[in-house]
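Enquirer: 3D, please:
(one chain, ligands or ions: 1)
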Amino acid sequence: MRTPLIAGNWKLFKTLAEAKSLVDELAPLISKVQGVEVVVAPVFTAISTVAAAAEKTLIRVAAQDCYWEEEGAFTGEVSPKLLKDAGCSHVIIGHSERRQYFGETDETVNRKTKAALKAGLVVLLCVGETLAERESNATFSVIKTQVSGGLAGIPAADLAQVVIAYEPVWAIGTGQTASDEQAQEVHAFIRSLVAELYSSLEADALRILYGGSVKPENVKGLMSQADIDGALVGGASLKAESFAGIVRFQG
Ligand code: PGA
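Expert: Numbering: from 1, shown residues only. Down below sits the predicted model:
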């Protein structure tokens, strides 16, 4: 059995005060939820504030990125070790916005993933095709390159600390969610790919999240698919009410 995971990616939003009040509002709305892991990813500067606010709740904290070196002369970067120190248990790596705007490649995603795993963080590794790639029937080859590139050299024993997030770029922030069937098709493909790269044991245990315009209204359908184990939520995670509605997808 794979424990569902609902993660909120706050992107470049929320001051310290806003981040704290979002946690304070969210916590009571989801306090009765059982058997679901809940993660929120604030900006770097709000991590310790959010971690402190979330301490007695089931909410865990993720960073939105990390660097692969532990320390050194790398101005502007933050290492997995420091993220842990600030209160993170998870880190998002390879989000399409980082690939699109900040030169993230499968190679940097792979280096960051290895470093984060070494530091003991759970990695939410993002993959997803653009609209042009989908329209030219390149979805599966793009996903295959991103998944195998991101996981290159990662031993089977570490895979339990990896969660893959399938986020079609055309569905992010557009209101245009992939249909349940479109998402399921790619999730099943990712699971079969991981079975090839590792074994069916690792593949069956791997959690694969869907991301891209997830809302309280569409989460149930997505979560009812065999290979969808959770959601990575952007816009709808910025308000306690809507994020709680997604976390409570079972009821
Ligand atoms: P969205 O973002 O839910 O606003 O589409 C998802 C994401 O970027 O992780």
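Enquirer: C-alpha only now, for contacts and for neighbours.
Expert: OK.
Enquirer: look up how far the ligand lies from the residue of the chain positioned farthest from its centre.
Expert: Centroid-distance maximum for the chain: Ala73 at 28.4 Å, with Cα atoms, centre = their mean. Ala73 sits 30 Å away from the ligand when distances are taken as Cα to the nearest ligand atom, to the nearest Å.
Enquirer: strands of the stretch 151-251 of the chain, start to end?
Expert: 162-166, 207-211, 230-233 (DSSP state E, counting those that start in this stretch).
Enquirer: can you check the stretch 1-150 of the chain too?
Expert: So, for the stretch 1-150 of the chain - with DSSP E, counting those that start in this stretch - the strands run 5-9, 37-41, 59-63, 90-93, 122-127.
Enquirer: ok, and which of these has the densest surroundings?
Expert: Stretch with highest mean neighbour count among these: strand 90-93 (a mean of 28; mean count of other Cα atoms under 10 Å).
Enquirer: so which residues make contact with that strand?
Expert: Contacting residues not belonging to strand 90-93 are listed as 39, 41, 60-66, 109, 112-113, 116, 121-126 [Cα atoms under 8 Å, 6 or more residues apart in numbering].
Enquirer: of the residues you listed, list those near the ligand.
Expert: Counting by Cα under 6 Å from any ligand atom, the subset of these that neighbours the ligand is empty.
Enquirer: ok, which of the strands of the stretch 151-251 of the chain comes nearest the ligand?
Expert: strand 230-233 (4.1 Å; Cα to the nearest ligand atom).
Enquirer: check which helices and strands the closest one sits against.
Expert: Packing partners of strand 230-233 (3 or more Cα pairs under 8 Å, 6 or more residues apart in numbering; DSSP states H and E): strand 5-9, strand 207-211.
Enquirer: and the closest residue to Gln64 other than its chain neighbours, how far from Glu25?
Expert: Leaving aside its chain neighbours, Gln64 sits nearest to Ile92 (4.8 Å; criterion: Cα to Cα, 6 or more residues apart in numbering). Per Cα to Cα, to the nearest Å, Ile92 is found 23 Å from Glu25.
Enquirer: what about the longest helix in this protein?
Expert: Assignment by DSSP state H gives helix 180-197 as the longest helix of the chain.
Enquirer: got the angle between that one and strand 122-127?
Expert: 110 degrees (axes from the mean of the first three to the mean of the last three Cα atoms, to 10 degrees).
Enquirer: can you list contacts of helix 180-197?
Expert: Contacts of helix 180-197 (Cα under 8 Å, 6+ apart): 140, 143-144, 147-148, 166, 200-204, 206, 208, 210, 221-222, 225-228.
Enquirer: which residues touch the closest residue to the ligand within the stretch 1-150 of the chain?
Expert: Nearest residue of the stretch 1-150 of the chain to the ligand (Cα to the nearest ligand atom) works out as Asn9 at 5.6 Å. For Asn9, the contact set (Cα under 8 Å, 6+ apart) comprises Val40, Ala41, Pro42, Gln64, Leu232, Val233, Gly234, Gly235, Ser237.
Enquirer: the fifth one reaches Ser213, doesn't it?
Expert: No: between Leu232 and Ser213 there is no contact under Cα atoms under 8 Å: 9.2 Å.
Enquirer: out of the two, which sits in the busier spot?
Expert: Leu232 (27 against 24; other Cα atoms under 10 Å).
Enquirer: need the residues of the stretch 51-200 of the chain near the ligand, please.
Expert: So far as Cα under 6 Å from any ligand atom goes, the stretch 51-200 of the chain lies against the ligand at Ala171, Ile172, Gly173.
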